[in-house]
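Participant: Here is the input, now give the coordinates:
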Amino acid sequence: MKGNFVVAITGASGAAYAVRLLEVLSAAGCDVHLTISAAGRDVLRQELDLSVDLENFSPAMLMLDTGESPKDRRLQAIRSLAGISSDSSNVLAVGGGEPGTFHYHHYRDLGAPISSGSFPTDGMVICPCSGGTLSAIVHGTSANLIHRAAEVHLKERRKLVVVPRETPLSPVGLDNLRRALDAGVVILPAMPGFYHQPKSIRDLVDFIVARICDQLGVPNNLIERWGAAGESEVI
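Facilitator: Got it, this is the predicted structure:
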């Protein structure tokens, strides 16, 4: 599949979901327009020990290329424990071709292509989505490129998926989720299921990433689908 998606990483917990999603979209041949908030950068360091320079970004900072160094091997072990891996095998439900391309946009660059509705995309994912980002979207208080790109997807009636990761939820947070849902946003909480009998953190991460890809129309084999393991009775 060749898609053109926007992916935003903000300051909620769940950086592993974001990096794994980028891996899968690239393996599927999708082009990704990536933007990362300052808080998102801090969470990437806290949870995955990834140092991301927002001013001089490269995919290698998220371990999204094949470069290797002694530090990379240590990070690979951390990534494996977190449920992410550069192995793209058994990701797609269809044969993969050339990997997709990453286009990075600074979160303060309101002149980036994704800030305009005239720039065509196939959807946007905010993963993970912080409460502050959600609030800015539903109340229209656009202050950076992430907020603006989300607003563009709403006004152009394009798919917008947000992946909140917060517990417990406050009345304000619940109201913002309801407002987002009413505006047409797909609310996809980072709540992995257990009916597929996960055996690792990777299985839990892939459960959420698979559901995101389903919403974007990206075929994948990340999880065992309900009913696929057993034989159905024909009546």
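
Participant: Tell me which stretches of this protein form helices.
Facilitator: 15-27, 38-48, 70-82, 131-139, 145-155, 171-182, 201-216 (DSSP state H).

Participant: any idea which of those is most buried?
Facilitator: Among the helices of the chain, judged by mean count of other CB atoms under 10 Å, the one packed with the most neighbours on average is helix 15-27 (a mean of 25). Where C-beta positions appear, they are placed from N, C-alpha and C, glycine not excepted.

Participant: rank the helices of the chain by pLDDT, which is bottom?
Facilitator: If you rank the helices of the chain by mean pLDDT, helix 70-82 sits at the bottom with a mean of 56.

Participant: circling back to that earlier point, tabulate the helices of the chain in CSV, adding columns for distance to Gly193.
Facilitator: Formatted as CSV, the helices of the chain follow (distance: least, CB to CB, whole Å):
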stretch, distance to Gly193
helix 15-27, 14
helix 38-48, 22
helix 70-82, 19
helix 131-139, 23
helix 145-155, 26
helix 171-182, 19
helix 201-216, 6
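
Participant: Would you tell me which of the ones you listed gets closest to Ser118?
Facilitator: helix 145-155 (9.4 Å; CB to CB).

Participant: That closest one - contacts with which helices or strands?
Facilitator: When contacts are defined as 3 or more CB pairs under 8 Å, 6 or more residues apart in numbering; DSSP states H and E, helix 145-155 sits against strand 4-9, strand 31-36, strand 123-129, helix 131-139, strand 160-164.

Participant: Tell me what angle it forms with helix 131-139.
Facilitator: Counting by axes from the mean of the first three to the mean of the last three CA atoms, to 10 degrees, helix 145-155 lies at 40 degrees to helix 131-139.
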